[in-house]
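In: Here's my sequence, what's the structure:
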Amino acid sequence: VQLQASGGGLVQPGGSLRLSCTASGLNVADYAIGWFRQAPGKEREAVSCISRTTDNTHYSNSAKGRFTVSRDNGKNAVFLQMNSLRPEDTGVYYCATDRTCSPSVRAFDNWGQGTQVTVSS
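Out: Next comes the predicted model:
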């Protein structure tokens, strides 16, 4: 069972990226899926989450209005569209599962490899 985040890269401030979270060994439709960011020397922090059944979405204050989380159960994937990127968005982005969009990072499971996002001119 594993989640794989992909789609990261180097982008200039103000640019956009679309991250994908694909699953093997589990059905994303059965879980809330959270997106998290870990910057160098900092703790992992929650960025966004999409709930399991109602598709309610949640965002950190810094992500609100700029990021959009969505799911495509047919592709067994969840996406994070990131617009108006800022240097402080730089970090490794991970996705993980939970039964609900818990406020605690530690409640999430099935962490896979992350994808590096670097916002720099």
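In: From now on I want contacts and neighbour counts done on CA atoms only, so please keep to that.
Out: Noted.
In: if I look at the most centrally placed residue in the chain, how far off is Ala96?
Out: For the chain, Trp35 is the residue whose C-alpha lies nearest the centre (Cα atoms, centre = their mean; 2.5 Å). Remark: distance between Trp35 and Ala96 (Cα to Cα, to the nearest Å) = 7 Å.
In: again with Thr54
Out: Relative to Ala96, and taking Cα to Cα, Thr54 is found at 18 Å.
In: Same drill for those two, tell me which one is more crowded.
Out: Each of Thr54 and Ala96 has its neighbours counted (other Cα atoms under 10 Å); Ala96 has more, 25 against 8.
In: Surely the more buried one touches Gly114?
Out: No: applying Cα atoms under 8 Å, one finds Ala96 not in contact with Gly114, separated by 10.0 Å.
In: Just to be sure, the residue nearest to the centre of the chain is in a strand?
Out: Yes: using DSSP: H, G, I helix; E, B strand; the rest coil, the assignment for Trp35 is a strand.
In: Need the nearest residue in space to it, chain neighbours excluded.
Out: Using Cα to Cα, 6 or more residues apart in numbering and skipping residues adjacent in sequence, the residue nearest Trp35 is Cys95, 4.5 Å away.
In: next one: Tyr93
Out: Arg37 (4.5 Å).
In: ditto for Trp111
Out: Using Cα to Cα, 6+ apart, the nearest residue to Trp111 is Ala96, at 4.9 Å.
In: what's near enough to touch the residue nearest to Trp35?
Out: Applying Cα atoms under 8 Å, 6 or more residues apart in numbering to Cys95 gives the contacts Leu3, Gln4, Ala5, Cys21, Ile33, Gly34, Trp35, Phe36, Trp111, Gly112, Gly114.
In: Noted, bye for now.
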